[in-house]
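Visitor: Pasting the sequence and the predicted model now:
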Amino acid sequence: MCNKINFDECDVILELGPGTGVFTHELLKRAKADTKIILLELNEEFYKLLQSTFNDPRIEILLRSADEIQEVLDERNIPQVDAILSSLPLTVIPKEIKTKIVSSSFNALKENGTYVQYQYSLNAKKLLKSFFGKLDIGFVPVNVPPAFVYTAKKKS
């Protein structure tokens, strides 16, 4: 999930749906000492778990929905982010909301910013392609269940 992100050039990373923080640990390992990492988690139990797990000044954990990306960035005076890592289950999110999330993600990224989406199916391909155009799709067979990793760069 994190191999496609150029951490040397990341000042701000947004993680959508971090859940238990599996990828958050990796973000912290690879991110620069001054990189800001914002986690948006909607599930209150996961939010509490994340708060008790991570005590790093680079991380800000918010109990917020991923469809509030623009509001979250505006509140922090962050014009755009360098990378977005998403584990959101797009397949089960209503169409209007997931479209807003992907659109907001695209708009929140800097030019050449990286978007990484983890999914258990190829159902999100059409939606992601409609915003990002070119997608790289990787397959992780050792994951149970096997998973797909979509990666895209923001191009004007």
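Guide: Yep, it's here. None of these values were measured; they are calculated from a predicted model.
Visitor: Next, the buried residues of the helix or strand bottoming out on mean pLDDT in the chain.
Guide: With mean pLDDT, DSSP states H and E as the measure, the helix or strand of the chain carrying the lowest mean pLDDT is strand 136-140 (a mean of 82). The neighbour-count criterion (16 or more other CB atoms under 10 Å) identifies no buried residues in strand 136-140. Glycine gets a C-beta too; all of them are placed from N, C-alpha and C.
Visitor: next one: stretch 102-113
Guide: Using 16+ other CB under 10 Å as the burial criterion, the residues of stretch 102-113 that qualify are 102, 103, 104, 105, 106, 108, 109, 110, 113.
Visitor: how about CSV for those residues, with secondary structure, distance to residue 152 and pLDDT added?
Guide: Formatted as CSV, the buried residues of stretch 102-113 follow (DSSP: H, G, I helix; E, B strand; the rest coil; distance: CB to CB, whole Å; pLDDT from 0 to 100):
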residue, secondary structure, distance to residue 152, pLDDT
102, helix, 10, 95
103, helix, 13, 96
104, helix, 14, 97
105, helix, 9, 97
106, helix, 9, 96
108, helix, 13, 97
109, strand, 9, 97
110, strand, 13, 97
113, strand, 9, 96
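Visitor: and the least confident helix or strand of the chain, what does it pack onto?
Guide: strand 147-153 (3 or more CB pairs under 8 Å, 6 or more residues apart in numbering; DSSP states H and E).
Visitor: Partner strands of the strand it packs on and their direction?
Guide: For strand 147-153, the pairing partners within the sheet under DSSP bridges are strand 109-119 (antiparallel), strand 136-140 (antiparallel).
Visitor: could those go into CSV alongside distance to residue 78?
Guide: Compiled in CSV, the strands paired with strand 147-153 are given as follows (distance: least, CB to CB, whole Å):
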stretch, distance to residue 78
strand 109-119, 11
strand 136-140, 26
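Visitor: List the residue ranges of the chain that fall below the pLDDT cut-off.
Guide: Across the chain, the ranges flagged by pLDDT under 70 are 1, 141-146, 156.
Visitor: hmm, try it at 80
Guide: Counting by pLDDT under 80, the chain contains low-confidence residues at 1, 120-122, 139-147, 156.
Visitor: mind listing the strands in it by residue range?
Guide: For the chain, the strands defined by DSSP state E occupy 12-16, 36-40, 59-62, 81-86, 109-119, 136-140, 147-153.
Visitor: Dump these into TSV; add distance to residue 125 as well.
Guide: Listed next are those as TSV, based on distance: least, CB to CB, whole Å:
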stretch	distance to residue 125
strand 12-16	18
strand 36-40	23
strand 59-62	28
strand 81-86	14
strand 109-119	9
strand 136-140	7
strand 147-153	7
